[in-house]
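Trainee: missing the sequence, but the structure's below:
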């Protein structure tokens, strides 16, 4: 038996105790494997794995279907040199199973871990019924064997999964694995993870998967996660590239809340979905209990999210389709685009009571009209000039309600209005607001009920008129919609010309919202800026309080004022 390259027995600090267990590293060639790409090397590789020692795969192509039933280290000469491919597509090339270990005894499944590194898993068919590179516990989510859900906790380093039906499969939850600098290319599913849907065995959710510094490219569905078990979460992608996939991610979690949110950190998203492909719909699995069928996913958006809470931080955010009810996506410190001219795709929210929140984001020209996509905090774009109504939506954002209410002695030529007394409005029809006991900064506000019967109808509050001077302006307004026959009510601050400071649709959720916006005004026009409501067919009841427009000499000053959550009374 050959003793090979000691450095492979010192994988990482966390795995050093495992490495020390292997006093000798053995090669699959010593057990009769050929690596010629045609011979079935299963018997030889299985014999090498059964020794419990670290197993080395010299450069070559190994056709096999083997079972890993002990704690081990498997490594090769590199993912393009040491290739693993199934001899038969009826089973994964590597099937990782759970076996109780006697030395030391006992070991829980959390301590039962292995390392796979510098190997490539190359399939023969990226279609249904095709090859599976690496599977945990069982070859199928509907076929259960004792303790199959406990097979987990493998660390993959520098591995490559190409042209498989499934690159890596977690058929019964199989929580607790991590991937470092691993690539998934041209598979149907790069990663496929579902909770224990077999109807047997212990409860196991589909989460606890971690991906660092890897890439998903040209897969039909890069990552598929379907979960119906409580405790789901802790799926994390860090420094990961998603490029030229038909469907980047399919998340569907039917539970009320994730234990830990699904998170994307510093991820690259380019040329996915409808941005690259002109194919028809994508067919992916659909689960109802233990029954698996298929579903057709339309639009080929780069991101399809169905988990209840998802966080994107420092990413390129585009094309998300949030379909699950009572869900939220938080996007911060990211670039946000929804137009093809800016490498983006449409962002939509169709789930009831669901929202996408954008905070501290950048956009070249995103105009997201979906009422459930809400700008919070400070957001910016390359064209903040208020003369172009096209950019009014991105300039507007929903701010935290807790403002500092201070004396407005430094508000200059700006104005503020508290709406604690009845305010007159005009426009399509004239009237006066009703004072009601409600508000955040003040205990009373104005309430108006109005039926807009055409999309070109508006009302505007007379006392909000402001003859703006050239420069930067910060605007805020507290609003609440208590009844609406449409998806929400539109609020504008503009001069009835091209100069729009704010445009925002507020949903009928009976909650106070503070709308804010910063924009550059080139100079006075014939009309003055005022608070307008309307622009959509809608029978609505809304409340208004604490309106202000404050001038600043620079954009940064205006943004800092908005971020300070200050109301100049």
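Mentor: Thanks, I have the structure now. Note that the structure is predicted; figures quoted are calculated from it, not measured.
Trainee: residues near residue 179, how many?
Mentor: Here the number of neighbours of residue 179 (other C-beta atoms under 10 Å) works out to 25. Glycine gets a C-beta too; all of them are placed from N, C-alpha and C.
Trainee: Over to residue 410?
Mentor: Around residue 410 there are 9 other residues, counting by other C-beta under 10 Å.
Trainee: can you confirm it is in a strand?
Mentor: No. Going by DSSP: H, G, I helix; E, B strand; the rest coil, the assignment for residue 410 is coil, not a strand.
Trainee: How many neighbouring residues does the nearest residue to it once chain neighbours are set aside have?
Mentor: Nearest non-adjacent residue to residue 410, counting by C-beta to C-beta, 6 or more residues apart in numbering: residue 568, 7.3 Å away. Residue 568 has 22 neighbours, counted by other C-beta under 10 Å.
Trainee: residue boundaries of the strands in the stretch 1-150 of the chain?
Mentor: Taking DSSP state E, counting those that start in this stretch to define them, one finds strands in the stretch 1-150 of the chain at 25-27, 36-40, 54-57, 60-64, 66-68, 73-76, 82-86, 94-96, 114-117, 120-122, 132-136.
Trainee: elements contacting the fourth one?
Mentor: For strand 60-64, the elements it packs on are strand 36-40, helix 42-50, strand 82-86, judged by 3 or more C-beta pairs under 8 Å, 6 or more residues apart in numbering; DSSP states H and E.
Trainee: looking at these, which is buried most?
Mentor: Highest mean neighbour count among the helices and strands packed on strand 60-64 (mean count of other C-beta atoms under 10 Å): strand 82-86, with a mean of 24.
Trainee: for it, packing partners?
Mentor: strand 60-64, strand 120-122, strand 132-136.
Trainee: what about 6 Å?
Mentor: Using 3 or more C-beta pairs under 6 Å, 6 or more residues apart in numbering; DSSP states H and E as the contact definition, the elements that strand 82-86 packs against are strand 60-64, strand 120-122.
Trainee: can I get the strands of the stretch 1-150 of the chain in CSV with mean pLDDT?
Mentor: Formatted as CSV, these follow (pLDDT from 0 to 100):
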stretch, mean pLDDT
strand 25-27, 93
strand 36-40, 96
strand 54-57, 96
strand 60-64, 98
strand 66-68, 96
strand 73-76, 95
strand 82-86, 98
strand 94-96, 96
strand 114-117, 94
strand 120-122, 98
strand 132-136, 97
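Trainee: roughly how far apart are residue 89 and residue 469?
Mentor: Between residue 89 and residue 469 the distance is 72 Å, computed by C-beta to C-beta, to the nearest Å.
Trainee: quick one, which of the two is more surrounded?
Mentor: Legend: neighbour count by other C-beta under 10 Å for residue 89 and residue 469, higher for residue 89 (19 against 13).
Trainee: Domains in the protein, by residue range?
Mentor: According to automatic domain parsing, the chain comprises the domains 1-204, 406-568.
Trainee: can you redo these as JSON lines with distance to residue 312?
Mentor: JSON lines is the format used below for these (distance: least, C-beta to C-beta, whole Å):
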{"stretch": "domain 1-204", "distance to residue 312": "19"}
{"stretch": "domain 406-568", "distance to residue 312": "20"}
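Trainee: Would you single out the least confident of those?
Mentor: Confidence, taken as mean pLDDT, is least for domain 1-204 of the domains of the chain (a mean of 85).
Trainee: now the strands for the stretch 401-550 of the chain?
Mentor: Under the criterion DSSP E, counting those that start in this stretch, the stretch 401-550 of the chain contains strands at 404-406, 415-417, 424-427, 431-432, 434-436, 445-452, 458-461, 471-484, 488-494, 500-507, 513-521, 530-534, 538-552.
Trainee: from the strands of the stretch 1-150 of the chain, which stretch is densest packed?
Mentor: strand 132-136 (a mean of 28).
Trainee: ok, the following helix or strand past that one: who's next to it in the sheet?
Mentor: Later in the chain than strand 132-136, the nearest helix or strand by DSSP states H and E is strand 154-157. If you go by DSSP bridges, strand 154-157 pairs up with strand 114-117 (parallel), strand 177-180 (parallel).
Trainee: Please compute how far the first one lies from its chain's middle.
Mentor: To tie it back to what came earlier, the one meant is strand 114-117. 28 Å (C-alpha atoms, centre = their mean, to the nearest Å).
Trainee: Repeat that for stretch 230-237.
Mentor: Centroid displacement of stretch 230-237 relative to its chain, using C-alpha atoms, centre = their mean, is 12 Å.
Trainee: avg pLDDT for that stretch?
Mentor: Here stretch 230-237 scores 92 as its mean pLDDT.
Trainee: now the end-to-end length of that stretch.
Mentor: Between the opening and closing residues of stretch 230-237 lies a distance of 21 Å (C-alpha to C-alpha, to the nearest Å).
Trainee: In it, which residues are buried?
Mentor: 231, 232, 233, 234, 235, 236, 237 (16 or more other C-beta atoms under 10 Å).
Trainee: The third one and residue 136: what is the separation?
Mentor: This means residue 233. From residue 233 to residue 136 the distance is 19 Å (C-beta to C-beta).
Trainee: And the last one, by the same measure?
Mentor: The spacing between residue 237 and residue 136, counted by C-beta to C-beta, is 19 Å.
Trainee: What of the first one?
Mentor: Using C-beta to C-beta, we find residue 231 at a distance of 18 Å from residue 136.
Trainee: likewise the second one?
Mentor: As defined by C-beta to C-beta, residue 232 lies at a distance of 17 Å from residue 136.
Trainee: same thing with residue 413?
Mentor: For residue 413 relative to residue 136 (C-beta to C-beta), the value is 67 Å.
Trainee: Relative to residue 475, which of the strands paired with strand 154-157 is closest?
Mentor: Closest to residue 475 of those, according to C-beta to C-beta: strand 177-180, at 46.6 Å.
Trainee: after the closest one comes which helix or strand?
Mentor: Trace forward from strand 177-180 with DSSP H and E and the next one is strand 183-185.
Trainee: Residue 27 - nearest residue in space that isn't next to it in sequence?
Mentor: Of all residues not flanking residue 27 in the chain, residue 56 sits nearest, at 4.7 Å (C-beta to C-beta, 6+ apart).
Trainee: do residue 171 as well
Mentor: The spatially closest residue to residue 171, leaving aside those adjacent along the chain, is residue 141, at 4.0 Å (C-beta to C-beta, 6+ apart).
Trainee: contacting residues for the one you found?
Mentor: Residue 141 makes contact with 171, 194, 197, according to C-beta atoms under 6 Å, 6 or more residues apart in numbering.
Trainee: re earlier: do I have it right that the residue nearest to residue 410 meets residue 416?
Mentor: Yes. Using C-beta atoms under 6 Å, residue 568 is in contact with residue 416, at 5.4 Å.
Trainee: Look up how far residue 89 lies from the nearest residue to residue 91 once chain neighbours are set aside.
Mentor: Counting by C-beta to C-beta, 6+ apart, residue 91 lies nearest to residue 65, which is 4.4 Å off, once chain neighbours are set aside. As judged by C-beta to C-beta, residue 65 and residue 89 stand 9 Å apart.
Trainee: just residue 204 next, same as before
Mentor: Residue 204 is 26 Å from residue 89, where distance means C-beta to C-beta.
Trainee: next one: residue 307
Mentor: Distance of residue 307 to residue 89, given as C-beta to C-beta: 31 Å.
Trainee: Which residue ranges of the stretch 251-400 of the chain form helices?
Mentor: Using DSSP state H, counting those that start in this stretch, the helices found in the stretch 251-400 of the chain span residues 392-395.
Trainee: where in it is pLDDT low?
Mentor: When residues are selected by pLDDT under 70, those of the stretch 251-400 of the chain lie in 275-280, 299-300, 365-367, 369, 377-384, 388-391, 394.
Trainee: Identify the bridge partners of the residue nearest to residue 27.
Mentor: Counting by DSSP bridges, residue 56 is bridged to residue 27, residue 75.
Trainee: Touching, it and residue 28? I think so.
Mentor: No. Look at residue 56 against residue 28 with C-beta under 6 Å: they stay out of range, at 7.0 Å.
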